[in-house]
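no FASTA, just this:
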């Protein structure tokens, strides 16, 4: 399906500039580009990534999302995530909270586990609608594999900069040889005449290590350190938006920044359109204990010693426990009060 044409992103809203990182240069080992990536990852934790080579798969993923969201609700709900903390599958609009008051989200999405995409046609974690299965081999598995390769490349650079033993971060991720919370997600936020600041997805830091985001309309906002006003991240054609998640921030002793962000309706003329986005979430192996790797890197040990105490670098949870807790307590069916929302929080706790 051809890529549609959209109204321009407005020039009268507050935006935050991101560094543009060239993936081809990273792969070639360009020292200056690796330094620029390190700057982006340690100062805000967000950057644009160009020349990632996944454009064809991205377009196919958006087509899969449109086909899936067009299914009857009864059919989609056969593949619903449920309230037990499982993320893979379908999430209906309004199933999760966006804040401590329990206001519902405005988005629906379909999550496909990396483990299922790479084991297809044999199910690893769960089954999916026929619209997903029809594109698994042609689109979803290639997108997941490219996403993993890109994140592995970035992870190796961080491993070097953190002065960790060679392959240390990889062993905690794809090198672990076990299931993980890695997944790809297609999200639809319907155009419904909502207020410009009505949160589609509440303020949060990401659960895992790295996120690989593709969107065509505005709506993503970040809250940079020391800034009180939310700022849009302008979508750039052909550029992914990448960011650090909590797991990698904890492992690095806070050197790598997991920054707060949220999603609101698109600004300006774009507000009349449904907002579609696509993410690949890269997460550690399920049994990996989240902790700062102070015993493997003096750089990380020094960072933890100098930290201000706002982040717990030894939360006492495995990657799976961390993930399940956060998913479970965002669900409105599990809500008891504001404490439920707080139980779903990560390293952003106390910063919003």
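Received it, and whenever you're ready, just let me know what you need. Just so you know, these numbers come straight off a predicted model, no measurement behind them. Numbering: from 1, shown residues only.

CA atoms for contacts and neighbours, from now on please.
Will do.

where exactly do the strands run in the stretch 201-350 of the chain?
201-204, 210-215, 220-222, 231-232, 240-244, 261-263, 275-282 (DSSP state E, counting those that start in this stretch).

So which elements touch the shortest one?
Packed against strand 231-232 by the contact rule (3 or more C-alpha pairs under 8 Å, 6 or more residues apart in numbering; DSSP states H and E) you find strand 220-222.

which secondary structure elements does the strand it packs on contact?
strand 231-232, strand 261-263.

And the contacts of that strand?
16, 230-234, 259-264 (C-alpha atoms under 8 Å, 6 or more residues apart in numbering).

can we see that at 6 Å?
230-233, 261-263 (C-alpha atoms under 6 Å, 6 or more residues apart in numbering).

Looking at the strands of the stretch 201-350 of the chain, which is nearest to residue 12?
Of all the strands of the stretch 201-350 of the chain, strand 231-232 sits nearest to residue 12, with 10.9 Å by C-alpha to C-alpha.

contacting residues around the closest one?
14-16, 220-222.

per-residue confidence averaged over it?
In this model, strand 231-232 carries a mean pLDDT of 97.

Then stretch 200-212?
If you average the pLDDT over stretch 200-212, you get 96.

again with stretch 216-223
95.

Give the closest residue to residue 115 in space, chain neighbours not counted.
residue 124 (5.9 Å; C-alpha to C-alpha, 6 or more residues apart in numbering).

Report the central residue of the chain.
Geometric centre of the chain, nearest residue: residue 211, 3.9 Å, by C-alpha atoms, centre = their mean.

show me what contacts the spatially closest residue to that residue that is not a sequence neighbour?
Closest residue in space to residue 211, ignoring its immediate chain neighbours: residue 281 at 4.7 Å, by C-alpha to C-alpha, 6+ apart. Counting by C-alpha under 6 Å, 6+ apart, residue 281 makes contact with 182-183, 211.

and of these, the nearest to residue 347?
Closest to residue 347 out of these is residue 211 (15.7 Å), distances taken as C-alpha to C-alpha.

Which residues does that closest one form beta bridges with?
Counting by DSSP bridges, residue 211 forms beta bridges with residue 243, residue 281.

pretty sure it is touching residue 242, no?
Yes - taking contacts as C-alpha atoms under 6 Å, residue 211 lies within contact range of residue 242: 5.4 Å.

Which of the three states applies to residue 153?
The three-state assignment at residue 153 reads helix, by DSSP: H, G, I helix; E, B strand; the rest coil.

Tell me, how many residues neighbour it?
16 (other C-alpha atoms under 10 Å).

and the nearest residue to residue 225 once chain neighbours are set aside, how many neighbours does it have?
Here the nearest residue to residue 225 in space, its sequence neighbours aside, is residue 44; by C-alpha to C-alpha, 6+ apart that works out to 7.5 Å. By other C-alpha under 10 Å, 21 other residues sit near residue 44.

Same check on residue 102?
For residue 102, using other C-alpha under 10 Å, the count is 18.

Could you check how far it is from residue 188?
21 Å (C-alpha to C-alpha, to the nearest Å).

what's the answer for residue 55, then?
19 Å.

Between these two, which is the more surrounded one?
residue 188 (22 against 16).

Do you know the pLDDT at residue 2?
At residue 2, pLDDT is 64.

err, residue 349, not the other one
For residue 349, pLDDT reads 67.

do residue 340 as well
96.

Fine, thanks again, bye for now.
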